[in-house]
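>>> Okay, structure incoming, though there's no sequence with it:
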């Protein structure tokens, strides 16, 4: 079975299992309180773990109290431009915690559910947006298989079609949907917080349609910078989670890279959120 080698282990996160476990455990221990109720989906960032790990830990700590059959990972493609959604259909992703298996049966069901989802394993070779979820999945959900999906051009049709496929292609499986995205890129802190506030407000309101409107407000080649590189995946996951029964969304933490780097003149925003059947406080 094909093994997708790790692309950023040893640079974006520790390559040894012991060092990575200590770092993940530290972030999870520091994460805040989680919603009280089942979780169908999370939004988590994908920067280097020292920057976005404390934020992503909040999403995975919330989900880790529940059992799942599969994690469906949806992220943006940073290196390859294409239409539709690229599926890694079988095999495993290498990880310091050991190979993380792809659920080939669920992957096939996803591909059958929509013509926008096509097996394209080569697109995944360099991509970090899904790989940066594996430290938390491997540590907190050992043995949980994944379905890796990378969105190319984030058009309205692709977003909405993927949302429908996620909602219908899982059958009776208990799935954790994971949307991988950072928020605004390379603005000063004040500008970033204003821009990111709009996205976070739409996520907290569980309003993917509003988030899509914010996303489409900007020229196509600027949307990733002003709103977020993986907002299309996040919108699709929110829509699918709602169709699967989630009734509430909560932003668990917001932060930006300047809080780690000390540089507030050029920051990247990060958000952790969860969607499920919990009550909104």
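Happy to help now that I have it. Only a predicted model underlies this, so the values are computations on that prediction, with no experimental measurement involved. Residues are numbered from 1 along each chain as shown.
>>> separation between residue 118 and residue 111?
7 Å (CB to CB, to the nearest Å). Yep, even glycine has a C-beta here, placed from its N, CA and C like the rest.
>>> Please enumerate the shared neighbours of these two.
Residues within reach of residue 118 and of residue 111 at once, by CB atoms under 8 Å, 6 or more residues apart in numbering, are residue 87.
>>> So if I had to pick from those two, which one is more boxed in?
Ranked by neighbour count (other CB atoms under 10 Å), residue 118 and residue 111 place residue 111 first, with 20 against 15.
>>> so that one makes contact with residue 89?
Yes: using CB atoms under 8 Å as the test, residue 111 is close enough to residue 89 to be in contact (7.0 Å).
>>> ok, residue 243 - contacts?
163, 164, 167.
>>> how about those residues in JSON lines, adding secondary structure and pLDDT?
JSON lines is the format used below for the contacts of residue 243 (DSSP: H, G, I helix; E, B strand; the rest coil; pLDDT from 0 to 100):
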{"residue": "163", "secondary structure": "helix", "pLDDT": "98"}
{"residue": "164", "secondary structure": "helix", "pLDDT": "97"}
{"residue": "167", "secondary structure": "helix", "pLDDT": "95"}
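>>> top of these by neighbour count?
residue 163 (24 neighbours).
>>> in the helix or strand hosting residue 202, what counts as buried?
Per DSSP states H and E: residue 202 is located in helix 189-204. Of all the residues in helix 189-204, those buried under the rule 16 or more other CB atoms under 10 Å are 189, 192, 193, 195, 196, 198, 199, 200, 202, 203, 204.
>>> Show me what that helix is packed up against.
Packing contacts for helix 189-204, counted by 3 or more CB pairs under 8 Å, 6 or more residues apart in numbering; DSSP states H and E, involve helix 208-216, helix 231-243, strand 248-256, strand 267-276.
>>> got the contact list for that helix?
43, 183-184, 187, 208, 210-211, 214, 226-228, 231, 234, 238, 249-251, 254, 256, 258, 264-265, 267-269, 271, 273.
>>> which of those are buried?
Applying 16+ other CB under 10 Å to the contacts of helix 189-204 flags 43, 183-184, 187, 208, 210-211, 214, 226-228, 231, 234, 238, 249-251, 254, 256, 258, 267-269, 271, 273 as buried.
>>> partner residues bridging the residue nearest to residue 68 when sequence neighbours are not counted?
Nearest in space to residue 68, with sequence neighbours left out and distances taken as CB to CB, 6 or more residues apart in numbering, is residue 176 at 4.5 Å. Assessed by DSSP bridges, residue 176 has beta-bridge partners residue 71.
>>> what's near enough to touch residue 176?
For residue 176, counting by CB under 8 Å, 6+ apart, the contacting residues are 39, 40, 41, 42, 63, 66, 68, 70, 71, 72, 141, 144.
>>> Just the buried ones among these, please.
Listed as buried from those are 39, 40, 41, 42, 63, 68, 70, 71, 72, 141, 144; burial here means 16+ other CB under 10 Å.
>>> gap between the closest residue to residue 84 other than its chain neighbours and residue 158?
Leaving aside its sequence neighbours, residue 84 sits nearest to residue 116 (CB to CB, 6+ apart; 4.2 Å). From residue 116 across to residue 158, the span is 6 Å (CB to CB).
>>> Overlap in contacts, those two.
By the contact definition CB under 8 Å, 6+ apart, residue 116 and residue 158 are jointly contacted by 83, 84, 85.
>>> Which ones among the residues you listed map onto helices?
Among those, no member falls in helices (DSSP state H).
>>> Only whichever of those are buried, select them in ChimeraX.
Remark: buried members of the shared contacts of residue 116 and residue 158, expressed as a ChimeraX selection using 16+ other CB under 10 Å:
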select :84,85
